[in-house]
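Undergrad: Just the structure for this:
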Amino acid sequence: MADSARARALSTMGSVNTAAMLCGYLIGAPVVAVLGPAGGLVLAGLGTTTMVGMGVAVTWWLTHRRPAQHQTGLTHPGPQIPVSPDRT
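TA: Residues are numbered from 1 along each chain as shown. As a prediction, this is how the structure comes out:
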């Protein structure tokens, strides 16, 4: 990440975490009141596992997908430029 964007990225991450905690309190209180503490903990664990799994799946998909041919406009990989062994 570029140094110029690092502060904004960390600030955004902190804001998202704070908003997620607030949502967790608002949603979690009625759930714990209905299911009890043990049921609320199990539901929170299942929710966390599901969200982490979705994050891993989306990250994998984004890093392993190939751009569609119509997006790049290329019909071949491009010119192959030979590099001599003495050049680094």
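Undergrad: Tally up the residues packed near residue 28, please.
TA: The tally of other residues near residue 28 (other CB atoms under 10 Å) stands at 15. All C-beta atoms are positioned from the backbone trio N, CA, C, and that covers glycine.
Undergrad: Please apply the same query to residue 9.
TA: 11.
Undergrad: Against residue 15, how distant is the residue positioned nearest the centre of the chain?
TA: With distances taken as CA atoms, centre = their mean, the residue of the chain nearest its centroid is residue 55 (4.9 Å). Per CB to CB, to the nearest Å, residue 55 is found 18 Å from residue 15.
Undergrad: With residue 61 instead?
TA: Per CB to CB, residue 61 is found 26 Å from residue 15.
Undergrad: what's in contact with stretch 23-42?
TA: Residues from elsewhere that reach stretch 23-42 (CB atoms under 8 Å, 6 or more residues apart in numbering): 43-44.
Undergrad: Show me how far that stretch is from its chain's centre.
TA: 25 Å (CA atoms, centre = their mean, to the nearest Å).
Undergrad: CA atoms of it as PDB?
TA: Provided in PDB are the C-alpha atoms of stretch 23-42 (Å, rounded to 0.1, in the frame of the first residue of the first chain):
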ATOM      1  CA  CYS A  23     -24.300  -3.400  15.100                       C
ATOM      2  CA  GLY A  24     -23.200  -6.400  17.100                       C
ATOM      3  CA  TYR A  25     -24.500  -4.900  20.300                       C
ATOM      4  CA  LEU A  26     -27.800  -3.900  18.700                       C
ATOM      5  CA  ILE A  27     -28.400  -7.400  17.100                       C
ATOM      6  CA  GLY A  28     -26.700  -9.400  19.800                       C
ATOM      7  CA  ALA A  29     -28.700  -8.200  22.800                       C
ATOM      8  CA  PRO A  30     -32.100  -9.500  21.600                       C
ATOM      9  CA  VAL A  31     -30.500 -12.800  20.400                       C
ATOM     10  CA  VAL A  32     -29.000 -13.400  23.800                       C
ATOM     11  CA  ALA A  33     -32.300 -12.500  25.400                       C
ATOM     12  CA  VAL A  34     -34.100 -15.200  23.300                       C
ATOM     13  CA  LEU A  35     -31.400 -17.900  23.000                       C
ATOM     14  CA  GLY A  36     -29.600 -17.400  26.300                       C
ATOM     15  CA  PRO A  37     -25.800 -16.800  26.700                       C
ATOM     16  CA  ALA A  38     -24.700 -20.200  25.400                       C
ATOM     17  CA  GLY A  39     -27.000 -20.000  22.300                       C
ATOM     18  CA  GLY A  40     -25.800 -16.500  21.600                       C
ATOM     19  CA  LEU A  41     -22.200 -17.600  21.800                       C
ATOM     20  CA  VAL A  42     -22.800 -20.500  19.400                       C
END
